[in-house]
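J.: I would like the atomic coordinates for the input below:
(one chain, ligands or ions: 1)
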Amino acid sequence: MNFRSCCYRCLFALAALATAGAAPRPNVLVLFADDQRADTIAALGNPLIRTPNLDRLVGEGTAFTRAYCMGSHHGAVCVPSRAMLLTGRTLFRVKDSLEGLPTWPEAFAKAGYTTFLTGKWHNQAASALRVFQHGRSIFLGGMGDPYRLPLQDITPDHTFTKARPSGEHSVRLFADAASEFIRDQPADRPFVCYVAFNLPHDPRVAPESFHRRYEAEKPPIPANFLPQHPFDNGALALRDEQLAPWPRTPDLVRRHLADYYASIEFLDEQVGRILDALRASGRADRTLIVYAADHGLAIGSHGLFGKQSLYDHSMRAPLILAGPGVPKGRKSDAMCYLLDIFPTLGELAGVAGPEGSEGVSLVPALSGRPVPGRETIFTAYGNSQRAVRDDRWKLILYPQINKSQLFDLSADPAETRDLAGDRPGEVARLTGLLEAWQGKLGDKQPLTIPNPRPAEFDFSKVKPSDR
Ligand SMILES: [Ca+2]
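T.: Prediction:
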């Protein structure tokens, strides 16, 4: 934000306080899904899924169609994704815990906001108590039966206490908690309400009626379906890949997709309940709303099931922004990271970021202007995958097997035709871009190694479930 607009905001804030006593700054509602692919919202081009509440939000705001998670150090991609979101830091400058890292919710609290957490917390319990002032129905674990999750509330003296078991689906409880928080907030104080759902993450359990809706007509297999991944990407023996046996079959993938879509439709219903509560509170026109997910998921694409790859299905996520200052009914193809969300909210709300935040504000993109530093997108997974994309091309390198893939995303968005052998010039150019990102981010991973391991993966070595 420039100096003049900052001064203008401050003056406006003071004037508003002095005259009307109304909240001078917009409220912030962050709705954050878990493992939701970018291509699972009806209004954004998927005719097979029903997401009426997200569709309405798309109509009321701007949808970013090229929003990415920057990647992960390990298989639990959720963890660094959330650490990046909350700190605005890039991948190599976050840890699994937020200990010692200043966060955006704390910056909003310093600016006079009341901050509230409900839902999945994946960055260690002590950090949650530091990052948020208030909280209800918080899940501090990884995953489990959503009807029996041990949930915690934050007490007035700022410790955790076990929430009373209710037998309700956890996502419904998160929506209840968020709705009640919004309802109870005084009009003269702005809030940040952060809702981290644990869907559509497996076990992908929604109320039975939602599963029935996709049973008769299961979604088709994706365009990039494969029975197994064609080479060892360094993440094939992980838990997420063992959710289904190899070779993957079309029938099995369609069954998993049906559960996935059912979970998303149920999640959409709960999002609708929160948005209804916001509208009923009379504060909808003064509230910035974000809907996003921590990353995507393969669920049959490229023979994979998890999110431990750099294909678009796994690193791209939905991102919808709505509220004061955000154009309605627009789509933006500006490239960005999820770690840019809070810097954007910070600019729109006039809140300065915490120390160490590296994300950039997407406010220029709202009026179609370029976002500095986002001409290309870099992604990383462990020591086994690195990728970079520009407007048209995407290069993925696999350093442990010295392999590269090149995709023309404009002609082949499903990443099915590897052109690395045909286009050495593009591979060299993109490798240069990738190295520049590595230098900027502090990523020390060599892009080739002297003694690569064999590229073939022995699928008989792992014992997947037969779910
Ligand atoms: Ca996740």
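J.: give me the contacts around stretch 166-176.
T.: 118-119, 137, 139, 146-147, 149, 151, 163, 195-199, 205-207, 266-267, 270-271, 273-274 (CB atoms under 8 Å, 6 or more residues apart in numbering). In short, each C-beta sits where N, CA and C put it, glycine included.
J.: restricted to strands, list these.
T.: Among the contacts of stretch 166-176, the members falling in strands (DSSP state E) are 118-119, 137, 139, 151, 195-196.
J.: which residue is the nearest non-sequential neighbour of Phe266?
T.: Ala206 (3.7 Å; CB to CB, 6 or more residues apart in numbering).
J.: just checking, the one you found touches Ser263?
T.: Yes - counting by CB atoms under 8 Å, Ser263 is a contact partner of Ala206 at 4.8 Å.
J.: quick one, which of the two is more surrounded?
T.: The neighbour comparison of Ala206 against Ser263 (other CB atoms under 10 Å) goes to Ser263, with 30 against 25.
J.: any idea how far Met143 is from Leu151?
T.: From Leu151 over to Met143 the distance is 14 Å, taken as CB to CB, to the nearest Å.
J.: give me the residue from this protein nearest the ion.
T.: The ion sits closest to Cys78 of the chain, with a gap of 3.4 Å, by CB to the ion.
J.: quick check on that residue: phi, psi?
T.: The phi/psi pair for Cys78 (degrees, to the nearest 10) reads phi -50, psi -40.
J.: count the neighbours of it for me.
T.: Cys78: 24 neighbours (other CB under 10 Å).
J.: before we move on, what about Pro324?
T.: 13.
J.: that one in helix, strand or coil?
T.: Taking DSSP: H, G, I helix; E, B strand; the rest coil as the rule, one finds Pro324 in the coil state.
J.: identify the residues contacting the closest residue to it other than its chain neighbours.
T.: In this structure, Pro324 finds its nearest non-sequential neighbour in Pro26, 5.2 Å apart by CB to CB, 6+ apart. For Pro26, the contacting residues are 190, 286-288, 323-325, 348-349, by CB under 8 Å, 6+ apart.
J.: go again with 10 Å.
T.: Neighbouring residues of Pro26 by CB atoms under 10 Å, 6 or more residues apart in numbering: 190-191, 283, 285-289, 323-325, 345, 348-351.
J.: quick one, which of those are buried?
T.: 190-191, 283, 286-289, 323, 345, 348-351 (16 or more other CB atoms under 10 Å).
J.: would you mind confirming that Pro165 is in contact with Ser137?
T.: No - applying CB atoms under 10 Å as the test, Pro165 and Ser137 come out as separate, 11.1 Å apart.
J.: more neighbours: these two, which one.
T.: Each of Pro165 and Ser137 has its neighbours counted (other CB under 10 Å); Ser137 has more, 25 against 11.
J.: the more buried one touches Phe160, doesn't it?
T.: No - contact status for Ser137 versus Phe160: not in contact, 11.6 Å apart, counting by CB under 10 Å.
J.: just the buried positions in stretch 373-381, please.
T.: Neighbour count says stretch 373-381 has 374, 376-381 buried, by 16+ other CB under 10 Å.
J.: so which of these are in strands?
T.: Using DSSP E, these in strands are 377-381.
J.: mutual contacts of Ser137 and Phe160, please.
T.: Contact criterion CB under 10 Å, 6+ apart; residues shared by Ser137 and Phe160: 151-153.
J.: how is this structure partitioned into domains?
T.: The chain breaks down by automatic domain parsing into domains covering 3-374, 379-461.
J.: how about the helices in the stretch 151-300 of the chain?
T.: 170-184, 208-215, 250-280 (DSSP state H, counting those that start in this stretch).
J.: okay, those in a markdown table with distance to Phe225 and mean pLDDT next?
T.: What follows is those, written out as a markdown table (distance: least, CB to CB, whole Å; pLDDT from 0 to 100):
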| stretch | distance to Phe225 | mean pLDDT |
| --- | --- | --- |
| helix 170-184 | 28 | 98 |
| helix 208-215 | 18 | 96 |
| helix 250-280 | 6 | 98 |
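J.: which among those helices is found nearest to Gly61?
T.: Of all these, it is helix 250-280 that lies closest to Gly61, at 11.4 Å by CB to CB.
J.: so does that closest one get close to the ion?
T.: No - Helix 250-280 is not in contact with the ion by CB under 5 Å from the ion; minimum separation 12.7 Å.
J.: now for Asp240: which residues touch it?
T.: 35, 75-77, 201-202, 297-299, 304-308, 314.
J.: about what we covered before: filter the contacts of stretch 166-176 to the buried ones?
T.: In those, the ones that pass as buried (16+ other CB under 10 Å) are 118-119, 137, 139, 146, 149, 151, 163, 195-199, 205-207, 266-267, 270-271, 274.
J.: so Gly373 is in contact with Asp340, correct?
T.: Yes - the pair Gly373 / Asp340 is scored as a contact, 9.3 Å apart, by CB under 10 Å.
J.: pLDDT weak spots in the stretch 1-150 of the chain?
T.: 1-23 (pLDDT under 70).
J.: show me what from it comes close to the ion.
T.: 34-35, 78.
J.: and which of those is nearest Gly421?
T.: Distance to Gly421, by CB to CB, is smallest for Asp35 among these, at 32.9 Å.
J.: from Pro220, how far off is Leu117?
T.: From Leu117 to Pro220 the distance is 38 Å (CB to CB).
J.: more crowded one of the two?
T.: Per other CB under 10 Å, whichever of Leu117 and Pro220 has more neighbours is Leu117, with 28 against 12.
J.: need the contact list for the more buried one.
T.: By CB under 10 Å, 6+ apart, Leu117 lies in contact with 30, 105, 128-129, 131-138, 154, 174, 177-178, 181, 192-196.
J.: let's see 7 Å
T.: Contacts here follow CB atoms under 7 Å, 6 or more residues apart in numbering; on that basis Leu117 touches 128, 132, 135, 138, 194.
J.: ditto for Ala352
T.: Here Ala352 is in contact with 107, 346 (criterion: CB under 7 Å, 6+ apart).
J.: quick one: it from Pro343, how far?
T.: From Ala352 across to Pro343, the span is 10 Å (CB to CB).
J.: what do you get for Val326?
T.: According to CB to CB, Val326 stands 15 Å off from Pro343.
J.: before we move on, what about Asn224?
T.: Asn224 is 32 Å from Pro343, where distance means CB to CB.
J.: what's the closest non-adjacent residue to Ala322?
T.: Nearest one to Ala322, counting by CB to CB, 6+ apart, is Gly61 at 2.7 Å.
J.: all helices of the stretch 351-467 of the chain, in order?
T.: Going by DSSP H, counting those that start in this stretch, the stretch 351-467 of the chain shows helices at 363-366, 424-441.
J.: so Ala387 sits against Pro399, correct?
T.: No - counting by CB atoms under 7 Å, Ala387 stays clear of Pro399, with 11.5 Å between them.
J.: how about the residues of the stretch 251-400 of the chain near the ion?
T.: Contacts of the stretch 251-400 of the chain with the ion, taken as CB under 5 Å from the ion, map to Asp294.
J.: same thing but 6 Å
T.: For the stretch 251-400 of the chain, the residues in contact with the ion (CB under 6 Å from the ion) are 294-295.
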